[in-house]
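Engineer: build me a model from this:
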Amino acid sequence: MIETGIEIFCRKRPSWAKQRRMGLLCNQASVNSRLIHSRFLVDEAFPGQLRAVFSPQHGMFGEKQDNMEESGHELDLHLGIPVFSLYERKRAPSRDQLDLIDLFVIDLQDVGTRVYTYIWTMLLAMKACMENGVAVAVLDRPNPLGGKEVEGNILEEQLHSFVGMAPLPMRHGLTMGELANMFKSLLCPNLELHVVRMKGWKRNMLFPETGLPWVLPSPNMPAFETALVYPGQVILEGTNLSEGRGTTRPFEIFGAPYMDTRKICQELGRFRGCILREQFFEPTFNKWHHKRCRGFQVHVSDTNAFRPYRFTLALLSCVARIHPEDFSWTPPPYEYEFEKMPADLIIGSKMIRKAVEQGADIKQLDRILEQQEMTFRAERQKWMLYSEGQSLS
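Structural biologist: Got it, this is the predicted structure:
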């Protein structure tokens, strides 16, 4: 089993953390290997220093189900300190909140996908801390998808939003600590940043190999299998296909009342690394709620071969060809963007979205994807903290 940043931080109690008033950005998945919550661990290791807790999207305990469901501020009943929501109008800590602390500590479990908003909450907090003279410490955790693979086009600057504020592909293969290094280099040069590295994590590790317990980091990320398909299936949020919200296996299950599953199977064929099993369902909330959807569950049969981003682009091209009158992209708003198409923000490229809309063969997009993936693989080397075969920590 690996040792995460929170465990090392509390065990070593580094000198740069002593005597500093702390704020902790965390949620329900911020636990150690014995499932003890990070705020209790920090409070015990640094008595009297934890002055505030901050929560990301979905709330401190992941109780908010959907996008743009804001959380309010509250009081931690155990520690008697304020809990400030960073998923509200500004989505960044205010000057008044930062006046309470000297060190902003971040302990969040990411899922390795550019649109997952926790990394952008981290970036906004880093910027606010830099402006207000507050130091930041990132307690690193595994990327559940490992640190080897990169997939997807690089986000275009004109499509920056709360699901992307820096030039990342959809599957970036970096940890939160490595992303923090990238953000400091590109966007927060004057920030005092400390990254507490993990011990024992290797880039070729998927989450089950870490030996750590899976605690759902958000309400619709119930299992590691969900994270495997998410870098592609999240695109469905920008369409009128159900991405499975309102079922017990969101993102793995998908469909719509109009979907012809027989034709989809014939058109899409057998995609490398996964099996599509026909699945009909009725979402209990969100798109097509209480209506019978025809669709599938994606079963990943080979994690090394499966490319989730390419899979979903191929799927949507297929649906657009078979159901030109029924398929559509959803209109704004999406994650506080009220003008741009949600699918453009998610995909990060209008050109790719339009190619999918016209039923393009995924092979036509491969050259673009491969070139940008190669560029990012080379670029990310400067921020990486772990090697493929062994931890550099």
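
Engineer: ranges for the strands of the stretch 151-300 of the chain?
Structural biologist: Counting by DSSP state E, counting those that start in this stretch, the stretch 151-300 of the chain has these strands, from start to end: 193-196, 253-256, 274-281, 293-300.

Engineer: can you add mean pLDDT and give the ones you listed back as a markdown table?
Structural biologist: A markdown table is the format used below for the strands of the stretch 151-300 of the chain (pLDDT from 0 to 100):
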| stretch | mean pLDDT |
| --- | --- |
| strand 193-196 | 98 |
| strand 253-256 | 98 |
| strand 274-281 | 96 |
| strand 293-300 | 97 |
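
Engineer: list the contacts for residue 278?
Structural biologist: Listed by Cβ atoms under 8 Å, 6 or more residues apart in numbering, the contact set of residue 278 reads 261, 265, 295-296. From N, CA and C alone the C-beta is placed, and that goes for glycine too.

Engineer: go on, residue 248?
Structural biologist: Shown in contact with residue 248 (Cβ under 8 Å, 6+ apart): residue 222.

Engineer: which element is the most centrally placed residue in the chain on?
Structural biologist: Nearest to the geometric centre of the chain sits residue 116, at 2.6 Å (Cα atoms, centre = their mean). Assignment of secondary structure by DSSP states H and E places residue 116 within no helix or strand.

Engineer: quick one, what contacts it?
Structural biologist: So residue 116 contacts 110, 218, 230 (Cβ under 8 Å, 6+ apart).

Engineer: pick the one among the contacts of residue 278 closest to residue 210.
Structural biologist: Each of these was checked against residue 210 using Cβ to Cβ; the closest is residue 296, at 29.2 Å.

Engineer: before we move on, the earlier item: got a ChimeraX select line for the buried ones in the contacts of residue 278?
Structural biologist: Applying 16 or more other Cβ atoms under 10 Å to the contacts of residue 278, the buried members can be selected in ChimeraX as follows:
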select :295,296
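
Engineer: picking up where we left off before, buried subset of the contacts of residue 116?
Structural biologist: Buried members of the contacts of residue 116, scored by 16+ other Cβ under 10 Å, are 110, 218, 230.

Engineer: contacting residues for the first one?
Structural biologist: With contacts taken as Cβ under 8 Å, 6+ apart, residue 110 has the following neighbours: 116, 118-119, 141, 143-144, 175-176, 179, 217.

Engineer: 6 Å instead?
Structural biologist: Residues counted as contacts of residue 110 (Cβ atoms under 6 Å, 6 or more residues apart in numbering) are 118-119, 176.

Engineer: repeat that for the second one.
Structural biologist: Applying Cβ under 6 Å, 6+ apart, we find residue 218 in contact with 58, 62.

Engineer: tell me how far it lies from residue 9.
Structural biologist: 23 Å (Cβ to Cβ, to the nearest Å).

Engineer: got it, and the first one?
Structural biologist: Summarising the geometry, the distance separating residue 110 from residue 9, computed by Cβ to Cβ, is 17 Å.

Engineer: one step back: can you list the contacts of residue 278 in a markdown table and add distance to residue 83?
Structural biologist: Listed next are the contacts of residue 278 as a markdown table, based on distance: Cβ to Cβ, whole Å:
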| residue | distance to residue 83 |
| --- | --- |
| 261 | 45 |
| 265 | 48 |
| 295 | 38 |
| 296 | 40 |
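
Engineer: now for the contacts of residue 278: which two are most distant?
Structural biologist: 265 and 295 (11.4 Å).

Engineer: now do the shared contacts for the two.
Structural biologist: By Cβ under 6 Å, 6+ apart, no residue touches both residue 265 and residue 295.

Engineer: right, and residue 5 touches residue 196 too?
Structural biologist: Yes - look at residue 5 against residue 196 with Cβ atoms under 6 Å: they come within range, at 4.0 Å.

Engineer: mutual contacts of the two, please.
Structural biologist: Taking Cβ under 6 Å, 6+ apart as the contact rule, residue 5 and residue 196 both touch residue 139.

Engineer: mind listing the helices in the stretch 251-393 of the chain by residue range?
Structural biologist: Taking DSSP state H, counting those that start in this stretch as the criterion, the stretch 251-393 of the chain contains helices spanning 261-268, 308-322, 342-347, 350-357, 362-380.

Engineer: which one of those helices lies closest to residue 127?
Structural biologist: Nearest to residue 127, of the helices of the stretch 251-393 of the chain and by Cβ to Cβ, is helix 342-347 at 19.9 Å.

Engineer: the helices in the stretch 51-200 of the chain, which residues?
Structural biologist: Under DSSP H, counting those that start in this stretch, the stretch 51-200 of the chain gives helices at 95-98, 118-132, 176-187.

Engineer: export the ones you listed to CSV and tack on distance to residue 270 and mean pLDDT?
Structural biologist: Listed next are the helices of the stretch 51-200 of the chain as CSV, based on distance: least, Cβ to Cβ, whole Å; pLDDT from 0 to 100:
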stretch, distance to residue 270, mean pLDDT
helix 95-98, 52, 97
helix 118-132, 33, 98
helix 176-187, 34, 98
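
Engineer: what would the ones you listed look like in JSON lines with mean neighbour count?
Structural biologist: Listed next are the helices of the stretch 51-200 of the chain as JSON lines, based on neighbours: other Cβ atoms under 10 Å:
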{"stretch": "helix 95-98", "mean neighbour count": "15"}
{"stretch": "helix 118-132", "mean neighbour count": "21"}
{"stretch": "helix 176-187", "mean neighbour count": "21"}
